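# For reference, the sequence and a predicted model appear below.
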Amino acid sequence: MAGKVRATVLRDTLISLRSILFFSVGISLVYGLLRLAGPLFMILVFDRVLPAQSEATLVSLVIILVIILTIMALLDYSRRRVLARFGAQFQERIEEHIFRSTARDTYFARSGNKPAAGLNEADGLRSFFHSGSLVAILDFMWSPVFLGVVFIISPFIGWIDVAGLALLVLINLSKVHFSKAREERHSEASDRIGDLKNTLSVSRHLIESQQMTAAFNKRWLSARRSSRDTAIEHKDFTGWFTALSSHTVLMLQYLALAAAAYLTIEGELTVGAMVAAMVLSRRIAYATERFLKQLPSIREARENWRSLDKALSAAEAPTAVLDGMAALRLSQVTVRCPLTKNKLLRNVSIDIEPGSSVQIVGGAAAGKTVFAETLIGRFAPSAGKVSIGAIELGRLSITDAARTIGYVPQHVSFVPGTIEENIAGLEDKLDRSSLVHAARVAQVHEKILSFPEGYDTRVDALGSRFSKSERHMLALARALYTKPRVLIIDEPDTSLREALSKNLKDEINGFLARGGILIMLTRIALRSYRPTRSFVLSDGSLKEMEINAKADGKVVAIQGG
Ligand SMILES: Nc1ncnc2c1ncn2[C@@H]1O[C@H](COP(=O)(O)OP(=O)(O)OP(=O)(O)O)[C@@H](O)[C@H]1O
């Protein structure tokens, strides 16, 4: 099934863009043919115009040459534009496919700083099509034809070209092969600088408040030094091959000229043919060198293509949107620590009917956050299933998943941007009335309006403009904005606890009456709010507790879970 999906995506993308690619190949073929005009012009000038002393022929030839060069300039410009658009459309279609057709958990199976599997690869391929790499490859396609023309002029010069090209290939392949390790060292060192920049933008406040600036600067200098040294080492090494390669091109051109001159002295070639042989030899050598310089880009493009293929084949299509409210079901869910592989959740099974509120109480490191973040897809179960109604949660699309679960995390953080963007979860077409409603329910509307820029006020990642309880309330507004079916609150702080039993009570009751599910994870059982069901989480195992209504929500007995 997945294989079928992949084959269709790649085939469809290529088929739909095939005409653009063929068009640019066609332009390149005409362009390459017109490049023969230069050598032809030289032959005619030396062999016709000069012996005949014909000024009229010279003027006609110059006019024709100018026209051809103008056409060549237009063709070159056009094919670059066409290739750029080919790359852009290719990327857009692949990205659209990834966004639309990948289920949440596959989408989240990302690594490092990649936003989603396949996106970086699609971008890498776009820049390959867009950059001069493809043009260099297309220009190189004419080299065998030019070489054939040189062989027609003189096989002797042709063989000199072949020997020179073999030397060029050897030099450039050695460069690619022997500089790989140095290149990797340099790119790792540059990545370290990138990581430090990210650390600074995300944790500047922490670094300064904890007096880490001096130590951070030391790390920065050391990373800079290492990046600079590896860059010099890499440049020094490849510089040797680059110099050798470019001078081989020059040498080839002059050797071709010398051989042609010798043949002219011997009376085997005309002066025009001599010059044309030299120009063609230079053109072949330059085109080959430019092509060989693209080898690392070609290798990278091939790797990108393979990973994209793999990412698309691994991607599972999302299931249909959930219809109406449904029960949340965890069956035999086990989650393991990604580092130690120890169990963080152990065979957790729970059925939560629509319209119920559930409290999960657990001590320090009991697994409450892991439980919550398994529902949002941050932890993938190593066994068991999490489903809502008949649909596995991880199989929802990222858009449907966002509408299904609202999450108020224990440690609230923000995306640097405006309050509006944060509450609306970065949606560009936001619904203002839902935004204000969510802020009012979370009782932060007035606070936001007290800022001169209101909802356009910018917040940093920590939300430093707000107090801890205000940050929690903002996180609640953010969770409520999408009108989720399941609302998860991890460790509500004192003000949120109070609000749940007072100002928020009606809202929560309304939410439950509409079939919503509320899950609260706390260290200490809430006294002021009585959930429908209560559980204890201990060392990753979940057990249901019986609530004595008369005891005002206090836990009185434990049932085996
Ligand atoms: N991303 C992670 N990678 C590895 N282990 C993790 C990760 N997140 C949590 N854990 C481990 O899972 C266990 C449970 O952590 P969790 O944060 O769920 O506890 P908790 O019940 O929320 O505790 P607390 O009330 O102290 O926040 C801990 O031992 C923790 O080290």
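Cool, the structure landed. Residues are numbered from 1 along each chain as shown.
# how about the residues of the protein near the ligand?
337-339, 344, 362, 364-370, 410, 523 (CB under 6 Å from any ligand atom). (C-beta placed from N, C-alpha, C; glycine too.)
# Turn those residues into a markdown table, including pLDDT and distance to residue 91.
Output for the residues of the chain next to the ligand, formatted as a markdown table (pLDDT from 0 to 100; distance: CB to CB, whole Å):
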| residue | pLDDT | distance to residue 91 |
| --- | --- | --- |
| 337 | 91 | 37 |
| 338 | 84 | 31 |
| 339 | 87 | 35 |
| 344 | 95 | 38 |
| 362 | 93 | 45 |
| 364 | 89 | 47 |
| 365 | 92 | 44 |
| 366 | 93 | 45 |
| 367 | 94 | 41 |
| 368 | 96 | 41 |
| 369 | 95 | 37 |
| 370 | 95 | 36 |
| 410 | 92 | 38 |
| 523 | 92 | 47 |
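# gap between residue 102 and the ligand?
As judged by CB to the nearest ligand atom, to the nearest Å, residue 102 and the ligand stand 23 Å apart.
# And for residue 332?
When residue 332 is compared with the ligand (using CB to the nearest ligand atom), they lie 19 Å apart.
# Ok, residue 307 next?
Taken as CB to the nearest ligand atom, the span from residue 307 to the ligand is 25 Å.
# got the contact list for the nearest residue to that residue once chain neighbours are set aside?
In space, and not counting its chain neighbours, residue 307 is closest to residue 121: 4.9 Å by CB to CB, 6 or more residues apart in numbering. Contacts for residue 121 (CB atoms under 8 Å, 6 or more residues apart in numbering) come out as 304, 305, 307, 308, 311.
# Doesn't the last one lie inside a helix?
The one in question is residue 311. Yes. Residue 311 forms part of a helix when assessed by DSSP: H, G, I helix; E, B strand; the rest coil.
# quick one: contacts for residue 381?
333, 334, 335, 345, 374.
# Listing request: residues of the stretch 251-400 of the chain with sub-threshold pLDDT.
Applying pLDDT under 70 to the stretch 251-400 of the chain flags residues 320, 322.
# ranges for the helices of the stretch 351-500 of the chain?
For the stretch 351-500 of the chain, the helices defined by DSSP state H, counting those that start in this stretch occupy 368-375, 398-404, 419-423, 432-441, 445-449, 468-481, 494-501.
# buried set for stretch 227-242?
By neighbour count on 16 or more other CB atoms under 10 Å, the buried set for stretch 227-242 is 227, 230, 234, 237, 238, 241, 242.
# just how off-centre is it within its chain?
28 Å (CA atoms, centre = their mean, to the nearest Å).
# And stretch 137-157, by the same measure?
On CA atoms, centre = their mean, the centre of stretch 137-157 falls 41 Å from that of its chain.
# So which bits of it are buried?
137-140, 142-143, 146-147, 149-150, 153-154, 156-157.
# now the end-to-end length of that stretch.
In terms of CA to CA, to the nearest Å, the two terminal residues of stretch 137-157 are separated by 24 Å.
# mean confidence for it?
The predicted model assigns stretch 137-157 a mean pLDDT of 91.
# so residue 392 bridges to which residues?
On the basis of DSSP bridges, residue 392 is bridged to residue 387.
# follow-up on the earlier one: quick one: the helices of the stretch 351-500 of the chain as TSV, columns for mean neighbour count too.
Formatted as TSV, those follow (neighbours: other CB atoms under 10 Å):
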stretch	mean neighbour count
helix 368-375	22
helix 398-404	19
helix 419-423	23
helix 432-441	18
helix 445-449	16
helix 468-481	23
helix 494-501	18
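# In terms of mean pLDDT, which of those ranks lowest?
Mean pLDDT values for those show the minimum at helix 494-501, a mean of 82.
# Tell me, how many residues neighbour the residue nearest to residue 407 when sequence neighbours are not counted?
Spatial nearest neighbour of residue 407, excluding adjacent residues (CB to CB, 6+ apart): residue 488 at 4.8 Å. Neighbour count for residue 488, taken as other CB atoms under 10 Å: 23.
# check contacts around residue 488.
By CB under 8 Å, 6+ apart, residue 488 lies in contact with 372, 375, 376, 405, 406, 407, 408, 479, 519, 520, 521.
# Could you do residue 32 as well?
138, 139, 141, 142, 145.
# Is it within a helix or a strand, and which one?
Here residue 32 is covered by helix 2-34, with elements defined by DSSP states H and E.
# For that helix, give the mean pLDDT please.
78.
# Toward the C-terminus from it, list the very next helix or strand.
Counting by DSSP H and E, the next helix or strand C-terminal to helix 2-34 is helix 37-44.
# mind listing what's buried in the next helix-or-strand element following that next one?
Using DSSP H and E, the helix or strand that follows helix 37-44 in sequence is helix 50-52. When burial is assessed from 16+ other CB under 10 Å, helix 50-52 yields no buried residues.
# picking up where we left off before, am I right that the residue nearest to residue 307 is in a strand?
No. Counting by three-state DSSP, residue 121 is located in no strand; its state is helix.
# quick one: pLDDT of it?
Predicted confidence (pLDDT) for residue 121: 84.
# Okay, it and residue 16: tell me how far apart.
19 Å (CB to CB, to the nearest Å).
# Repeat that for residue 78.
20 Å.
# before we move on, what about residue 132?
Taking CB to CB as the measure, residue 132 falls 25 Å from residue 16.
# about what we covered before: nearest to residue 54, out of the buried residues of stretch 137-157: which one, please.
Ranked by distance to residue 54 (CB to CB), the buried residues of stretch 137-157 are led by residue 153 at 23.5 Å.
# was I right about that closest one contacting residue 269?
Yes. Using CB atoms under 8 Å, residue 153 is in contact with residue 269, at 7.0 Å.
# So for those two, which residues contact both of them?
Contacts common to residue 153 and residue 269, judged by CB under 8 Å, 6+ apart, are 260, 277.
# Domain-wise, how is this structure divided?
With domains defined by automatic domain parsing, the chain comprises 1-132+308-317, 143-293, 328-558.
# Just put the contacts of residue 381 in TSV and tack on secondary structure.
Shown next, in TSV, are the contacts of residue 381 (three-state DSSP):
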residue	secondary structure
333	strand
334	strand
335	strand
345	strand
374	helix
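# now, the most widely separated pair of these?
Top of the distance list for these (CB to CB): 334 and 374, 9.9 Å.
# what touches both of these two?
With CB under 8 Å, 6+ apart, residue 334 and residue 374 have common neighbours 345, 381.
# buried ones in whichever strand or helix holds residue 204?
Counting by DSSP H and E, the element that carries residue 204 is helix 180-209. With burial defined by 16+ other CB under 10 Å, the residues of helix 180-209 counted as buried are 182, 185, 186, 189, 192, 196, 203, 207.
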